[in-house]
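>>> Mind folding the following:
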Amino acid sequence: MATPAQDRKLRDPSLNPGDQPYFDACAEGKLLIKKCGDCGKVHHYPRALCPHCFSGKVDWLQTKGTGVIYTYSVTRRGGPVPYAIGYVTLDEGPKMMTNFVDCDLDALKIGQKVKVVFKKTENGSSVPMFTPA
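Just a heads-up that it's a prediction; the model follows:
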């Protein structure tokens, strides 16, 4: 039995210092991560310090916006409509927590290729989510 993803009301993200470039890029349809200039590792959620070596030499890197489903869970209770959350392993390497949208929630599979889409929040901010590629 198919369970189509339905649009639901999304809250605005709470911004931390340094988050604005990330959400500005989302508004332009771009997904950013950060790359460390010292250890060379990439990470998401973007932070001021590298979580691998604690260096402050981190720069924004635009992703391809594609990856594969690492894990997911479909929630059918506790909200007005069913929805799916999980982790995507981006093609650039880091895992990112996300929602899965614009798809049959029962057809999601671990290892499935996905691409980023941007959904609007209550006040018009854009947030990245994923749909099957």
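>>> all contacts plus neighbour counts: C-alpha atoms, from now on.
Will do.
>>> Now do residue 75 against residue 38, distance only.
To residue 38, residue 75 is 40 Å away according to CA to CA, to the nearest Å.
>>> Could you list the low-confidence segments of the protein?
Counting by pLDDT under 70, the chain contains low-confidence ranges at 1.
>>> Do a quick rundown of the helices in this protein.
Remark: helices assigned in the chain by DSSP state H are 20-27.
>>> Can you name the residues in contact with the strand ranked longest in it?
Longest strand of the chain, by residue count under DSSP state E: strand 66-75. Strand 66-75 is contacted by residues 82-91, 95, 105, 109-116, 133 when judged by CA atoms under 8 Å, 6 or more residues apart in numbering.
>>> Going by neighbour count, which of those are buried?
Using 16 or more other CA atoms under 10 Å as the burial test, the contacts of strand 66-75 include 82-90, 95, 105, 112-116 as buried.
>>> measure stretch 89-97 end to end?
End-to-end distance for stretch 89-97: 9 Å, by CA to CA.
>>> Tell me how far that stretch lies from the chain's centre.
Centroid separation for stretch 89-97 versus its chain: 9 Å, with CA atoms, centre = their mean, to the nearest Å.
>>> likewise stretch 14-27?
13 Å.
>>> just stretch 86-99 next, same as before
What separates the centre of stretch 86-99 from the centre of its chain is 6 Å, taken as CA atoms, centre = their mean.
>>> And for that stretch, what's in contact with it?
Contacts to stretch 86-99, defined as CA under 8 Å, 6+ apart, come from residues 42-45, 63-73, 83-85, 100, 128-130.
>>> try 6 Å this time
Under the contact criterion CA atoms under 6 Å, 6 or more residues apart in numbering, stretch 86-99 has outside partners 43, 66-72, 84-85, 129.
>>> OK, contacts around the spatially closest residue to residue 42 that is not a sequence neighbour?
Distances taken as CA to CA, 6 or more residues apart in numbering place residue 35 nearest to residue 42, at 4.2 Å, with adjacent residues excluded. Neighbour list for residue 35: 41-42, 58-59 [criterion: CA under 6 Å, 6+ apart].
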